[in-house]
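Engineer: Okay, here's the prediction I keep looking at, along with the sequence it came from:
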Amino acid sequence: DGLEGWTSSGVLGTSVALDPGNTSNPVARLGNPGFACWDGVPIGSGVIQQQFSVPRAAEGKSMHLLFRYRIYTNDRNTGLTGDYDTFDVLINGVLRLRDANQIDFNFCNVAPYDLGWRAADINLGTGGVLLNLSLGVYNRYDRFYNTYVYVDDVRLVEGN
């Protein structure tokens, strides 16, 4: 519903926006669709971060971080490396999820690829710890292709 409780950083910016598929649903947007292709995209990141305590899971269960994300991009990163644009999730500074467009370049004279809503489920183990969560979009290498990401429904659940 907003970014209260989150800290934001990075030259790409973060904001509350409307879900592109459901304009009555507010979501977090990492990056900015307004950056112009062909030398108009800053090199850098748009990151939201939060520190929180993960409760201890019941015997035989584990805690999970769940959320949805939707990547829009003109860039391609076939090897999911840190060389080109990515959406990265770090927990306590450790990369736990990386995603990007692995299809093909989508040049600036057409709309960016919409990779659709994807679900993330990160197993946090038995819990009982303090975590630093970082969700970020990273534009790397060149100033040509823009990437921005919508994030929604970030929550902790107990599961198997």
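Structural biologist: Everything's here; your move.
Engineer: give me the low-pLDDT residue ranges for the chain?
Structural biologist: 1 (pLDDT under 70).
Engineer: Strands along this structure, start to end?
Structural biologist: 7-9, 14-19, 22-30, 44-54, 62-73, 86-91, 94-99, 113-123, 129-139, 147-159 (DSSP state E).
Engineer: Just checking: what are the partner strands of the fourth one?
Structural biologist: Looking at strand 44-54 with DSSP bridges, its partner strands are strand 7-9 (antiparallel), strand 129-139 (antiparallel).
Engineer: Any idea which of the ones you listed gets closest to residue 24?
Structural biologist: strand 129-139 (22.6 Å; CB to CB). Where you see a C-beta, it was placed from the backbone N, CA and C, and this is true even at glycine.
Engineer: got a list of what the residue nearest to residue 63 when sequence neighbours are not counted touches?
Structural biologist: Among residues not flanking residue 63 along the chain, residue 127 sits closest, at 3.9 Å (CB to CB, 6 or more residues apart in numbering). Applying CB atoms under 8 Å, 6 or more residues apart in numbering to residue 127 gives the contacts 54, 55, 56, 57, 62, 63.
Engineer: tell me the two of those residues that are most distant?
Structural biologist: Taking CB to CB, no two of these sit farther apart than 55 and 62, at 11.5 Å.
Engineer: Any of the contacts of residue 127 buried? List them.
Structural biologist: Burial by neighbour count, 16 or more other CB atoms under 10 Å: within those this picks out 54, 57, 63.
Engineer: hang on, the last one packs against residue 52?
Structural biologist: No. Taking CB atoms under 8 Å as the contact criterion, residue 63 and residue 52 are not neighbours in contact, 11.1 Å apart.
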